[in-house]
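[1] fold the following.
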Amino acid sequence: MSKKNQWLRLSGIVNRPCQSLSTLFALLLFGTVLASCSEGRGKNKKNAELLEVPVFSLTPKDIKVPQTYVCDLQAIQFVEVRSKLEGFVENIYVDEGQEVRKGQALFQLSSAEYNELVNSATAKLMQAKAEEKAASLEVERLKVLVDKKIYSASELELAQSRKQMAESAILEAESMLKNAQVGLSYTTIRAPFDGIVDRIPYKTGSLVKSGDLLTNITDISEIFAYYRITENEYLEYMRGELDKNADTEQMNEQVRETLQGEQEEISLILSDGIEYPYKGRLETMEADFEQGTGSIALRVRFPNPDGLIKHGASGKVQMSNELHDVYLIPQKSTFEIQEYNYVYLVNEENKVNVRSFRPLMRHGLYYVAQDFNTNDKVVLEGIQLLKDEATVKPNPIGEEEVYRSLDLPL
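    Residues are numbered from 1 along each chain as shown. Below is the predicted model of the structure:
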């Protein structure tokens, strides 16, 4: 007996043809039903396992982004007070940190030598004037004698020459006297303008030489803040303010009008991170770009009525940069690889696709970007659970919730 017949006999199919065929068909039908049920359960299980992710639609925004630049703070006037003479410090009339007025005496250097120079120059001037007077009388006397033909005309010419020499001697003596008086005036050092006295390194009795620094005088009633911007930032700013089609002369005139006209007030952040209570205005900029850095310096004037800011302080100027038609991408929606940032976009088939972008800047907890399309759907969070081309179940999130940390007109 063959193995096939032996198997049929054992299974009870042989010798019971009708009953065996019915049983076989029943087994085949049961298998088909089981397969169909298994396939249905697989599809339901797959649908149940779709990841639900929050998504939001991108719309272009017009925003003002604060930009800060490190700046140097300088007094509107800062002068080094130096000695023009060599001498001893006889008196110091002010103290460090004292407010002084223009022309007020600050220091007195030894002046005996310069007093003697003034006296000597005065004596020489008096002598020159006396000689000039004598020469004038001689000329007048000789004129009479020449008219009477008692003396020849040559004698009168000689007398007139001596008078001219006496007059020139007076001029020389007056010049020497003025120089001596100027030298004497240098022994008293006075304030060049209203300001505050800085450190005084030399004390009474010290010997100072010509050019030695005695102190500094600073006027901090107002403060200059100098900061630098790149060439691209400069061009962006100026193109926003000027007519693109203006010729060079018109552009230069527009630059002056722009800098002198109505401008946005600029904030100052001091070194402790607190905003200065007074606002400043942009006044001017340098004429050339710095060769090493390719940047150009701008100057902002701030009032300083309380004297809070001192010369040489540091801080940051803060300006508002207006950006139009940009997209705000929450940082939690992104991941970074090397120099690119990435987000997941959801397409019409509810599949996610990785999209790279380069942000223009950061604004709070958001990236500012331009290379997107209106109504692009971005996965808000949970990106660590996603894979490219994965099918998801999107859960739309409103703009109010997405941008609630920003004061934006929605």
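
[2] output stretch 337-345 as PDB, restricted to C-alpha atoms.
    Presented in PDB, the C-alpha positions along stretch 337-345 are these (Å, rounded to 0.1, in the frame of the first residue of the first chain):
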ATOM      1  CA  ILE A 337      22.600  68.400  12.400                       C
ATOM      2  CA  GLN A 338      25.800  70.200  11.700                       C
ATOM      3  CA  GLU A 339      25.000  73.700  10.400                       C
ATOM      4  CA  TYR A 340      21.400  72.900   9.400                       C
ATOM      5  CA  ASN A 341      18.100  72.800  11.300                       C
ATOM      6  CA  TYR A 342      15.400  70.400  10.500                       C
ATOM      7  CA  VAL A 343      11.600  70.000  11.000                       C
ATOM      8  CA  TYR A 344       9.000  67.500  10.100                       C
ATOM      9  CA  LEU A 345       6.300  68.500   7.600                       C
END
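
[3] now that stretch: mean pLDDT?
    Predicted confidence along stretch 337-345 averages 89 (mean pLDDT).

[4] cool, stretch 105-125 as well?
    Averaged over stretch 105-125, pLDDT sits at 93.

[5] any weak-confidence spans in the protein?
    1-48, 240-264, 407-410 (pLDDT under 70).

[6] helix or strand for the residue lying closest to residue 398 once chain neighbours are set aside, which one?
    Closest residue in space to residue 398, ignoring its immediate chain neighbours: residue 56 at 7.5 Å, by Cβ to Cβ, 6 or more residues apart in numbering. In short, each C-beta sits where N, CA and C put it, glycine included. For residue 56, the element it lies in under DSSP states H and E is strand 51-57.

[7] just the buried positions in the helix or strand following that strand, please.
    The element immediately downstream of strand 51-57 (helix or strand, assigned by DSSP H and E) is strand 61-82. Within strand 61-82, the residues that count as buried by 16 or more other Cβ atoms under 10 Å are 61, 63, 65, 69, 71, 73-79, 81.

[8] tabulate these (JSON lines), appending distance to residue 328.
    Converted to JSON lines, the buried residues of strand 61-82 look like this (distance: Cβ to Cβ, whole Å):
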{"residue": "61", "distance to residue 328": "6"}
{"residue": "63", "distance to residue 328": "7"}
{"residue": "65", "distance to residue 328": "10"}
{"residue": "69", "distance to residue 328": "23"}
{"residue": "71", "distance to residue 328": "28"}
{"residue": "73", "distance to residue 328": "34"}
{"residue": "74", "distance to residue 328": "38"}
{"residue": "75", "distance to residue 328": "41"}
{"residue": "76", "distance to residue 328": "40"}
{"residue": "77", "distance to residue 328": "45"}
{"residue": "78", "distance to residue 328": "44"}
{"residue": "79", "distance to residue 328": "50"}
{"residue": "81", "distance to residue 328": "55"}
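
[9] which of the residues you listed sits closest to residue 337?
    For these, the minimum distance to residue 337 (Cβ to Cβ) is 25.1 Å, reached by residue 65.

[10] residue contacts, the closest one?
    Residue 65 sits next to 320, 321, 323, 361, 363, 368 when contact means Cβ atoms under 8 Å, 6 or more residues apart in numbering.

[11] which residues does it bridge with?
    residue 321 (DSSP bridges).

[12] repeat that for the one 10 residues further on.
    Beta-bridge partners for residue 75, by DSSP bridges, are residue 223.

[13] buried stuff in the helix or strand harbouring residue 392?
    Assigned by DSSP H and E, residue 392 belongs to strand 392-396. For strand 392-396, burial by neighbour count (16+ other Cβ under 10 Å) applies to 392, 394.

[14] following that strand, which helix or strand comes up?
    Helices and strands here follow DSSP H and E; after strand 392-396, the next one along the chain is helix 399-402.

[15] going along the chain, name the helices of the stretch 101-250 of the chain.
    With DSSP state H, counting those that start in this stretch as the definition, the stretch 101-250 of the chain shows helices at residue ranges 112-147, 153-185, 231-241, 248-260.

[16] looking at those, which is closest to residue 274?
    Taking Cβ to Cβ as the measure, these were each checked against residue 274, and helix 231-241 came out nearest at 25.8 Å.

[17] domain boundaries for this protein, per the record?
    Each structural domain of the chain that the record assigns through automatic domain parsing is listed here as a residue range: 52-63+324-402, 67-74+220-321, 81-215.

[18] any idea how far apart the tips of the shortest one sit?
    The first and last residues of domain 52-63+324-402 sit 17 Å apart, counting by Cα to Cα, to the nearest Å.

[19] burial count for the residue nearest to residue 398?
    Here the number of neighbours of residue 56 (other Cβ atoms under 10 Å) works out to 21.

[20] surely it is in contact with residue 397?
    Yes: counting by Cβ atoms under 8 Å, residue 56 touches residue 397, with 4.7 Å between them.

[21] list residues touching both of the two?
    residue 380.

[22] re the thing from before, what helices and strands are in contact with the strand holding residue 392?
    The contact analysis (3 or more Cβ pairs under 8 Å, 6 or more residues apart in numbering; DSSP states H and E) places strand 392-396 against strand 51-57.

[23] who's in contact with the strand it packs on?
    If you take Cβ under 8 Å, 6+ apart as the criterion, strand 51-57 is touched by 346, 352, 375-382, 385-386, 390, 392-399, 402.

[24] got the CA positions of stretch 279-287 in CSV?
    Presented in CSV, the C-alpha positions along stretch 279-287 are these (Å, rounded to 0.1, in the frame of the first residue of the first chain):
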residue,chain,number,x,y,z
LYS,A,279,16.6,106.4,25.3
GLY,A,280,19.2,107.4,22.8
ARG,A,281,19.2,108.4,19.1
LEU,A,282,21.6,107.5,16.3
GLU,A,283,23.7,110.5,15.4
THR,A,284,26.3,109.6,12.9
MET,A,285,28.6,106.8,11.6
GLU,A,286,32.2,106.5,10.5
ALA,A,287,33.2,107.2,7.0
